[in-house]
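okay, sequence plus prediction incoming.
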Amino acid sequence: MPQRELAVLESESGYVALARGTSDHYGAYLEPMECMWQFASPFARKDFKLAHEFTEALETQWRDWNVVILTGLSPETIFFRELVVELEKHFQLTLIGKTGRVLADISDGVSGFLGRRSRGFRRSLSRARRDCTQREIEFQVCANSGSPAECSGFYQRILDIELRSHKGLAGQGIEQPGMREFYEQMMPRLAQVGALRLIFARHEGEDVGFIFGGVKGRTFRGLQMSYDQRCADLSLGNVLQFKMVELLSDEGLNVYDLGSDIEYKHRWGEERFGTISVGITRSIRA
């Protein structure tokens, strides 16, 4: 969303990173820089005082707004409670929605991960892996690093695959404007700090699938996965997902964050994690 103006609060207590926009319906508003999935929190907190400083900024520094949207908030945290107390002194809060994601425990390796899956899941995955072997599908791991030029080459390969996927064929893949540029800029930044994890599936010298994401601490966040529609009979998505589990387990990572809470992901993960989004408007007395 590059058309918006950045609005940042910086203090010894931390940072708040928002973006300013306007709409015909709401007028001037503030929202997180990433507001599509509603995962990310705009707060990077060092001290609980940040809640008070943010509220004060809404009254003084950023007075020209009608609505403020906050996403990625964890209701069970002390900071959230501090934030609500401060904001409700001056503004009106409204729950906008809840965002769920699915997490998989990979701390005890592949055997532990598989041990928590159902018998049907293991049987289906084994069959899919066997089918890929018989079809001579190979997997290329491109992990940890990559120069900007290498990342550009990786990303072009990803886009070429996406155009042949069911999402790409429907015009709903990451090759679309906006999404395309978003990941094009993200990938080299992940690689620069050694956080990129990327696997390609190949058949007879041609790319037919990919999966990639980023590592922070001991957690891997899956970002995108897709495959050539000609390989739809192979359950290639499941095999790519498992290849990533193997890679991450070998590195000793603890958590695979599968992203949005979608039904099929429940077979891969065992924990649900939820955050909420809140809207702020001026109270009548304000």
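Happy to help now that I have it. Every value quoted in this text rests on a predicted model; they were computed, and no experiment measured them.

surely Thr22 meets Leu30?
No. Using C-beta atoms under 8 Å, Thr22 is not in contact with Leu30; the gap is 10.7 Å. In this view, the C-beta of every residue, glycine as well, is placed from N, C-alpha and C.

have a look at these two and say which one is more surrounded.
Neighbour tally, Thr22 and Leu30, criterion other C-beta atoms under 10 Å: the higher count belongs to Leu30, 24 against 13.

what lines up beside the helix or strand harbouring that one in the sheet?
Element membership for Leu30, per DSSP states H and E: strand 27-32. When pairing is defined by DSSP bridges, strand 27-32 lines up against strand 14-23 (antiparallel), strand 67-73 (parallel).

so which of the ones you listed is the most surrounded?
Counting by mean count of other C-beta atoms under 10 Å, strand 67-73 has the highest mean neighbour count of these, with a mean of 21.

need the helices for the protein, in chain order.
With helices called from DSSP state H, the chain shows them at 49-59, 78-88, 109-115, 119-134, 148-163, 166-169, 179-192, 236-251.

buried sites along the third one?
With burial defined by 16 or more other C-beta atoms under 10 Å, the residues of helix 109-115 counted as buried are Phe113.

how about the nearest residue to Asp47, chain neighbours excluded?
Nearest residue to Asp47 in three dimensions, chain neighbours excluded: Ser13, at 4.0 Å (C-beta to C-beta, 6 or more residues apart in numbering).

now do Thr219
Thr219 sits nearest to Val255 (C-beta to C-beta, 6+ apart), 4.3 Å away.

again with Arg127
Ser235 (7.7 Å).

what's the local residue count around the one you found?
18.

pretty sure it is touching Arg123, no?
No. The pair Ser235 and Arg123 fails to qualify as a contact (C-beta under 8 Å) at a distance of 11.9 Å.

quick revisit: Gln61: which of the strands paired with strand 27-32 is closest?
Proximity to Gln61 (C-beta to C-beta) singles out strand 14-23 among the strands paired with strand 27-32, at 10.3 Å.

pull the distance from the closest one to the chain's centre.
Centroid displacement of strand 14-23 relative to its chain, using C-alpha atoms, centre = their mean, to the nearest Å, is 19 Å.

that one vs helix 78-88, what angle?
Comparing the axes of strand 14-23 and helix 78-88 via axes from the mean of the first three to the mean of the last three C-alpha atoms, to 10 degrees yields an angle of 50 degrees.
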